[in-house]
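Enquirer: Generate a structure from the sequence data that follows.
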Amino acid sequence: MKCLILAAGYATRLYPLTENFPKPLLTVGEKNILDWLLDDIDTLGVVDEYAVISNHKFAHHFEEWAKTKKMKITVVDDGTSTNETRLGAVRDVQFAIDKCGYDDDMLVIAGDNVLDFSLTHFIKYAMDKKTSCIMRYYEPSEQKLLKCGVVTVDESDLVLNMTEKSPTPATHWCCPPFYYYSKEDARMVEKGIEAGCGTDAPGSYIAWLCGERPVHAMEMPGKRFDIGNLESYENVKKEYKGIEK
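Expert: Numbers count the residues shown, from 1 in each chain. Have a look, this model is predicted:
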């Protein structure tokens, strides 16, 4: 299994903190964000390579960080240098697949969130389902739903529909940016792009894929801490206690 970490954004809402430094390497507690994510995932022993997809501006920061890690990490520079020229998350995934020659099951995660639960629960869930999978959590705020991927599921967790940033969300099930692609479905990313799926939001490929192939949605067993601006980053630093379960 390969793990693709989406880290090519510019985090403009965190300026000046991230003007010359990538958000995924910001410190939360005793670790940076990427260390929290990868150290946890690696405990399961099923990922044989990690690919951090960066922009050109920040690639050297990730390359220096990768030297400190024991797992195999490839830093993929997508060649962009500004927020205006970014490829978008889905195109970045395809760029990394092509660049690294991957043909495997894939865990695809945003590199700028921390969780209070182990992602190994999600990986085991997906391996048991033998389909592509996402996570979901109940979001009571109508306002927040407008900015999220929203899913409709049946009683067996099968995704019936998914929309990204819909003005009329169908449910309160929100999808965080953590995805599992089966090997077969990872091969279809390019087809999804050609079919016109959105490419900016990372969930846009899954929103297209669930109309083509079975996708299951695990209810998230804990809390996700999203770091969107300076205020939320300060709050996370105060509140985050690490992975609890």
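Enquirer: Using CSV, write out every CA atom in the helix ranked longest in the chain.
Expert: Assignment by DSSP state H gives helix 89-100 as the longest helix of the chain. Output of helix 89-100 as CSV, limited to C-alpha atoms (Å, rounded to 0.1, in the frame of the first residue of the first chain):
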residue,chain,number,x,y,z
ALA,A,89,-5.7,18.1,-5.0
VAL,A,90,-7.1,15.6,-7.6
ARG,A,91,-4.6,16.6,-10.3
ASP,A,92,-1.8,16.4,-7.6
VAL,A,93,-2.8,12.8,-6.9
GLN,A,94,-2.6,11.9,-10.6
PHE,A,95,0.7,13.8,-10.9
ALA,A,96,2.2,11.7,-8.1
ILE,A,97,0.8,8.4,-9.5
ASP,A,98,2.4,9.2,-12.8
LYS,A,99,5.7,10.5,-11.4
CYS,A,100,6.2,7.6,-9.0
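Enquirer: If you count neighbours, what's buried in it?
Expert: 89, 90, 91, 92, 93, 94, 95, 96, 97, 100 (16 or more other C-beta atoms under 10 Å). (Each C-beta comes from the backbone N, C-alpha and C, glycine too.)
Enquirer: tell me the mean pLDDT for it?
Expert: Averaged across helix 89-100, pLDDT comes to 96.
Enquirer: ok, and what's touching that helix?
Expert: 2, 4, 6, 8, 49, 51, 53, 74, 76, 78, 87, 102, 108, 177, 186, 189-190, 192-193, 197-202, 204-205 (C-beta atoms under 8 Å, 6 or more residues apart in numbering).
Enquirer: With stretch 139-155 instead?
Expert: Residues from elsewhere that reach stretch 139-155 (C-beta under 8 Å, 6+ apart): 134, 136, 159-167, 169-175, 201, 203, 206-207, 217.
Enquirer: now with 10 Å?
Expert: Residues outside stretch 139-155 that contact it (C-beta atoms under 10 Å, 6 or more residues apart in numbering): 134-137, 157-177, 179, 201-204, 206-207, 210, 215-219, 226, 228.
Enquirer: Give me the buried entries from those residues.
Expert: So, by 16+ other C-beta under 10 Å, the buried ones in these are 134-137, 157, 159, 162-165, 169, 171-177, 179, 201-204, 206-207, 210, 215-218.
Enquirer: Would you tell me what the next helix or strand after the longest helix of the chain is?
Expert: Per DSSP states H and E, helix 89-100 leads on to strand 106-110 as the next helix or strand towards the C-terminus.
Enquirer: so how far is the helix or strand following that next one from its chain's centroid?
Expert: Once the chain leaves strand 106-110, the next helix or strand it forms, by DSSP H and E, is strand 113-115. Computed by C-alpha atoms, centre = their mean, to the nearest Å, the chain-centroid distance of strand 113-115 equals 10 Å.
Enquirer: Same check on stretch 223-236?
Expert: The chain centre lies 16 Å from the centre of stretch 223-236; the measure is C-alpha atoms, centre = their mean.
Enquirer: Identify each buried residue in that stretch, please.
Expert: Neighbour-count burial for stretch 223-236, counted by 16+ other C-beta under 10 Å, picks out 224, 225, 227, 233, 236.
Enquirer: quick one: secondary structure of the fourth one?
Expert: Spelled out, it's residue 233. Here residue 233 is recorded as helix under DSSP: H, G, I helix; E, B strand; the rest coil.
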